[in-house]
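> mind looking at a prediction? Sequence and model below.
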2 protein chains.
Amino acid sequence: MPEPASFQAPTGTRDMYPADAARRRFITEAWRRVSVNHGFEEVDGPTFEHLDLYTVKSGEGIISELFSFTRAGGEKTYALRPEFTPTLARLYAAKAASLPKPTRWFTAGPFFRAERPQRGRLREFLQWNVDLIGDDSPAADAEVIACCVELLSDLGLKQSDIRVRINDRRCVARLLAQIVPMESVPAMFSVLDKRAKVRKEEFIGLGVALGASPQAMVALDSILDRSFPLAGEAFVQSGFFEHAALSRDAFDVLVQDLKLLYDALAARDLVSWCDFDFSIVRGLAYYTGIVFEVVVGGERAVAGGGRYDKLIELFGGPATPAVGFGMGDVVLALVLQDRGLMPKDDELMRLSGQRPDVFVIAASPEADAAARRLVATLRRSQPAPEGSTQRRIPALHARQTSKTTRNVGKLLKEAADLAARLAVIVENDAEATIKDMRTGQQDETRTPLADLPTVLRARLASA
Amino acid sequence: MPEPASFQAPTGTRDMYPADAARRRFITEAWRRVSVNHGFEEVDGPTFEHLDLYTVKSGEGIISELFSFTRAGGEKTYALRPEFTPTLARLYAAKAASLPKPTRWFTAGPFFRAERPQRGRLREFLQWNVDLIGDDSPAADAEVIACCVELLSDLGLKQSDIRVRINDRRCVARLLAQIVPMESVPAMFSVLDKRAKVRKEEFIGLGVALGASPQAMVALDSILDRSFPLAGEAFVQSGFFEHAALSRDAFDVLVQDLKLLYDALAARDLVSWCDFDFSIVRGLAYYTGIVFEVVVGGERAVAGGGRYDKLIELFGGPATPAVGFGMGDVVLALVLQDRGLMPKDDELMRLSGQRPDVFVIAASPEADAAARRLVATLRRSQPAPEGSTQRRIPALHARQTSKTTRNVGKLLKEAADLAARLAVIVENDAEATIKDMRTGQQDETRTPLADLPTVLRARLASA
């Protein structure tokens, strides 16, 4: 009888067995660690929101990409959250007056898109969001970029693997407005976005159709291949100034913010990770200035973000500048796995604290009850003594075999396989022998069972 | 202008500002720590499942309690997960042959109920699930109960606060079958469940309506007030044996599993936390034996669970015994807050690792660039030297002021408020002075900036 479809996970979602959950934890803890080190504080919102929260920002067009629903008999329509930024804007707007300036927030949790699943793209995925709100300086842009780069570096990716592609949408819009009518600028953004996917002639044709001269499009095309056109030299060489009727001085004003960002990145030793690339526009309509995406191995975007200075206002808050980025877990995990940077299962268990402190072995049937009681005792935290800075004396991770064997050698092998730090061989109802599994050294004298909790904690602290 | 409703969180869901997220983390990390110490491994499933996964177990009646939805243009109906057990059964059934025996799993994540929100009950909440699969012994029941009790104990609740109310549904069913016709036993469970809410006469009347004699109901009522009727004495005194035509020997067979559970709890020093209570039936239809709920302060159920030996079969797996429980975060947080056991905000920041390692102060305008570069450097992890057991030399949590003041005294105050462990006063572009914020001691000599990363790590390790 074939298994009914209902007994499988929905398309594009994941079942997580222990090794999968440990890989997830490896990534979410890295996100958390790097966020905290950079002074960001955790926030979160509901898993589903009112549908309007998304349409007010992105228009009705977004509905087909969402999982939306109405409660039976209810009037309101909800949607599983496809991204965090609208929630963040709502959170900030609600308490803007009492929040610190700037506010530094991160979050990491599940998000949902009703798209067709493919490699690197699922319907349920995790996303890390880092946002710096209330600071319009290029230093704020550099701060969030630094946090994003450090995450990748912390996970073992090298500078040679990573490019941060940076652009300034406002600057590009103004440049494009020199070669096409103002109302065609948004359409020109789409043309820029398509450039990598079409032949040069087609790219030029698309621009000409929007009102650009063929010469201006050729100049534009040649500029877009340069990685750092800020100095304007590439523009001079391309003839762009001429075709766009733009003075060198006016150009320098346009790229001023990008230059300041360059200096802020230089102050953080990050320039060598970054390319300034005029073809990066990012799809999201709400970016108002700097945009960036982080590409690994020249192809996969693992993160993207930018400045969205109008959004908090849109959600009822005061006019507030903000910059942030998002990083999903699916592409990141693929990148780590492809490069051998995802730890092996046993190391993951150790990293996620799932390595036993103590593995307890009953050496004889008479020792069974005492061994069971010892395990129960070790797994219990204790009230801390008065004057201690700890809340409680922490419990230990204690394990026993689930097999029926009484062969102490085999059981010590099991302790080693689990990477237990200490093994305790309970000899009878009064005494036990301790073995350090790292050094392989076994005590020559036995320890009274009553002393074990204290003795074992001391051994673990000194190991 | 009133704020539009769409810019608030949906009814029954939560916005989490940093202190709220830190409280959530405090709870989820305790869940995780206790699970791991008891040898349970983390698993998880999708946030939404095929709707059938819930109706196959609970019937169509559950649909009104769920948030269910169909993708635009799609055929399948999904539901936000209201509980974890069906997902767990599906996960186990899919890989039963290759999983360890027994399998010990935990999970903690968001769950959803389309109920009317009230104190202690939200539409989106977190739930911790702990399950032991493939072991039908009362020792397995005792293991999960021990894990549940240790969580509460670890968070500071005392034995006097907590009662674990335990019953055996199968045993009660057989007892009830002695006084009403077999087909009325399920209805009698509902009568038992109602007992606490109705007057004695009404309770007796409900049983009589189902075919019990008034005398048997009076006897049953008197038994239900006893906390530990296992020995049968309470039954003898009540006259129940007489009215139910049950022999003392037959009774002893019926309560055999409860007696074994009693012994297994005694072996773990847990008997004093537990009451055996014949009125606990638990609503969920899938429990097949032992059921229990954990009540704090005599009223609030913070956790509930039991044995569900038929469920994995229902989801296509082999016949497999299983026992587990669930605990939500909403009631737990209320209980901790009511008892003053939820840490204050500043302690939460420390517990969640959000206390800065280093607070960097620029003593003069000339030191600004150097201070900013130092912060960036400290926030960066480094490749570990060859032969190290670490993957990377960890980054530090480094902070700077976001204020414009240059008053070093005020900035040291800010470092103290953030509970930073060290403060570094950058004097110029070459040197800095270190201050230990715990002892208040400030170095008499300056440290070259280039040496700071190493010196600061050594100070932090020895603190």
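Looks like it came in fine.

> please identify the helix or strand for the closest residue to chain B within the stretch 351-463 of chain A.
Nearest to chain B, among the residues of the stretch 351-463 of chain A, is residue A:376, at 4.1 Å (CB to the nearest CB). Any C-beta I mention is one placed from the backbone N, CA and C, and that applies to glycine too. Secondary structure from DSSP states H and E places residue A:376 in helix A:368-378.

> do residue A:126 as well
Per DSSP H and E: strand A:124-133 holds residue A:126.

> so what secondary structure elements neighbour the worst-scoring helix or strand of chain A on mean pLDDT?
The weakest-scoring helix or strand in chain A, judged by mean pLDDT, DSSP states H and E, is helix A:233-238 (a mean of 73). Applying 3 or more CB pairs under 8 Å, 6 or more residues apart in numbering or on different chains; DSSP states H and E, one finds that helix A:233-238 contacts helix A:214-223.

> give me the buried positions along the helix it packs on.
A:216, A:217, A:218, A:219, A:220, A:221, A:222, A:223 (16 or more other CB atoms under 10 Å in any protein chain shown).

> between these, which is nearest chain B?
Nearest to chain B among the buried residues of helix A:214-223, with distances taken as CB to the nearest CB, is residue A:223, at 30.9 Å.

> if I pick the closest residue to that closest one other than its chain neighbours, what's in contact with it?
Spatial nearest neighbour of residue A:223, excluding adjacent residues (CB to CB, 6 or more residues apart in numbering or on different chains): residue A:238 at 5.0 Å. Shown in contact with residue A:238 (CB atoms under 8 Å, 6 or more residues apart in numbering or on different chains): A:219, A:220, A:222, A:223.

> remind me which residues of the stretch 201-350 of chain A are low pLDDT?
A:226-232, A:283-285 (pLDDT under 70).

> could you redo the buried residues of helix A:214-223 as CSV and give each row distance to residue B:409?
Output for these, formatted as CSV (distance: CB to CB, whole Å):
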residue, distance to residue B:409
A:216, 59
A:217, 60
A:218, 62
A:219, 57
A:220, 55
A:221, 58
A:222, 57
A:223, 52
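
> what about the strands in the stretch 351-463 of chain A?
A:358-362, A:382-383, A:392-393, A:398-400, A:422-426, A:431-436, A:447-448 (DSSP state E, counting those that start in this stretch).

> how about the residue of the stretch 201-350 of chain A at minimum distance from chain B, phi and psi?
Closest residue of the stretch 201-350 of chain A to chain B, CB to the nearest CB: residue A:268 (4.1 Å). Main-chain torsions, residue A:268, degrees, to the nearest 10: phi -110, psi 10.

> now it: closest residue in space that isn't a chain neighbour?
Nearest non-adjacent residue to residue A:268, counting by CB to CB, 6+ apart: residue B:376, 4.1 Å away.

> mind listing what the one you found touches?
Residue B:376 touches A:146, A:267, A:268, A:269, A:270, counting by CB under 8 Å, 6+ apart.

> among these, who's most crowded?
Among the contacts of residue B:376, the one with the most neighbours (other CB atoms under 10 Å in any protein chain shown) is residue A:146, at 24 neighbours.
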